[in-house]
Structure formats: C-alpha cells, structure tokens
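Trainee: 3D, please:
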Amino acid sequence: MLGVRERSRRDATAIARICTRGGSLLNLGALGGTYSQAYGLNDAGQIAGIFYPANSGLGQQGFLYSDGVMTDIGTLGGNGGTAAYGINASADVVGASFTSGNASSHAFVYSGGTMTDIGTLGGSDLTSVAYGVNNADRS
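Mentor: You can find the predicted model right below:
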C-alpha cells in the first residue's frame, strides 16, 4: 500500500510512506526536501514518485526508490520538473518531464540510469505523459 503522511497543512510538508508486507510503515524520505509522494509500486517493492528538492529552485522531481535508496531520476533537460508515475518488474520508470527551455512536457522511460524522451503524437499538442509501463517494456 502506498500513501503520504502529512506533517503540517500549514507548510505542506509530507513524506511518502509505504506499508510493508510485515505491516510496518516505511518512511521513504524526500532527498533532503520536505515533500514526497509515491505513485507506482512493483512486486519487488521498488517505487516511483515525486519529491520537492530543498532550496533548488526546481519544481517537483521524479524518483526511483529501490533497495532502501531514493534516486533522483533527472529531467529531459528542463528545470520545470519531472513526475514519475509508473514502474514495472524491471524497474523501468515512466512519467513526464519538461524538455529544454520548459517549452513542453514529454513522456519518458527511465531505464538503467538513463531517461529517454518518448515524444508526442504530433499535431498541435506538444505534451505527453506516460502513466504505466508493462513488463514487456511498453508504456
């Protein structure tokens, strides 16, 4: 089970937590920030989500939590933020990230430490988002 424990409504601090198989709550942290939220969980207990970095000037950033370590997965070149929404059995993470210049947000897949722009469907809509990825690595 995924969740967020809100510490203070006044300053919007909250840290993502999960309920482990043993029934205890695990605090995921926020990489030095004050807010994190979990969106995706696979059978191995790896988690995809967002956090707000402390004093960085950046918006939300995506993370991969694996083996007790939260990792900032980076961006597609923009500084407006990244959101990680889904994760599969291979720990491939998908979501959306701003591109260089923050002109638009594109769907991505993060695999093996590398974020790859999936692009858009074209036309007048310059944005895309991936919410899930299957175990055949298709988002």
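
Trainee: Buried residues of the helix or strand hosting Thr116, list them for me.
Mentor: Here Thr116 sits within strand 114-119, counting by DSSP states H and E. By neighbour count, with 16 or more other C-beta atoms under 10 Å as the criterion, the buried positions of strand 114-119 are Met115. Yep, even glycine has a C-beta here, placed from its N, CA and C like the rest.

Trainee: swap in stretch 121-139?
Mentor: Neighbour-count burial for stretch 121-139 [16+ other C-beta under 10 Å]: Ser128, Val129, Ala130, Val133, Ser139.

Trainee: again, but for stretch 55-65
Mentor: In stretch 55-65, residues buried by neighbour count (16+ other C-beta under 10 Å) are Leu58, Gly59, Gln60, Gln61, Gly62, Phe63, Leu64, Tyr65.

Trainee: Can you name the residues in contact with that stretch?
Mentor: Contacts of stretch 55-65 with the rest of the structure, by C-beta atoms under 8 Å, 6 or more residues apart in numbering, involve 28, 31, 36, 38, 46-53, 70-75, 79-84, 87, 91, 93, 95, 97, 110.
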